[in-house]
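Q: Build me a structure from this.
(one chain, ligands or ions: 1)
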Amino acid sequence: MRVIKPLYDARLGDLEQGDMIKVECACGRVELIPGYGLADRAKLPPFTPVLDLERRLRCRECDQRGKVVLSIQWQRD
Ligand SMILES: [Zn+2]
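A: You can find the predicted model right below:
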């Protein structure tokens, strides 16, 4: 059984195959991003807090940066 970290303590390197990051923008757009490998794709160190992405992500709908709220959908086994 995995140890599920609280959101504020979760790092990009904690995310495994099947874990999804849910991105909800103030404009209403919701997107699911695969968490596994995200550190590599975003060229960020694995100890980067997942919540750091909130101010980095740009919404594809309204093109605003830093308007999103993140949550993690952990893969349950
Ligand atoms: Zn938006």
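Q: Identify the residue nearest Thr48 in space, chain neighbours excluded?
A: Spatial nearest neighbour of Thr48, excluding adjacent residues (CB to CB, 6 or more residues apart in numbering): Leu12 at 4.9 Å. For the C-beta atoms, the positions are set from N, CA and C on the backbone; glycine is no exception.
Q: gap between stretch 59-77 and the chain center?
A: 6 Å (CA atoms, centre = their mean, to the nearest Å).
Q: Show me what counts as buried in that stretch.
A: Going by neighbour count (16 or more other CB atoms under 10 Å), the buried part of stretch 59-77 is Cys59, Lys67, Val68, Leu70, Ile72, Trp74.
Q: For this structure, name the helix or strand with the lowest mean pLDDT.
A: helix 38-41 (a mean of 94; mean pLDDT, DSSP states H and E).
Q: Could you verify that Leu32 is part of a strand?
A: Yes: with DSSP: H, G, I helix; E, B strand; the rest coil as the criterion, Leu32 is part of a strand.
Q: OK, contacts around it?
A: By CB atoms under 8 Å, 6 or more residues apart in numbering, the contact list for Leu32 reads Met20, Ile21, Lys22, Val23, Gln73.
Q: so after the least confident helix or strand of the chain, what's the next helix or strand?
A: Following helix 38-41 in sequence order, the next helix or strand is strand 68-73 (DSSP states H and E).
Q: Give me the angle between that next one and strand 30-34.
A: 50 degrees (axes from the mean of the first three to the mean of the last three CA atoms, to 10 degrees).
Q: is the ion contacted by strand 68-73?
A: No: using CB under 5 Å from the ion, strand 68-73 stays clear of the ion, coming no nearer than 7.3 Å.
Q: what sits up against that strand?
A: Residues contacting strand 68-73 (CB under 8 Å, 6+ apart): 7, 10, 15, 19-26, 32, 35, 50-51, 53-54, 57, 59.
Q: Out of the residues you listed, which are close to the ion?
A: Cys25, Cys59.
Q: Thank you kindly, that will do.
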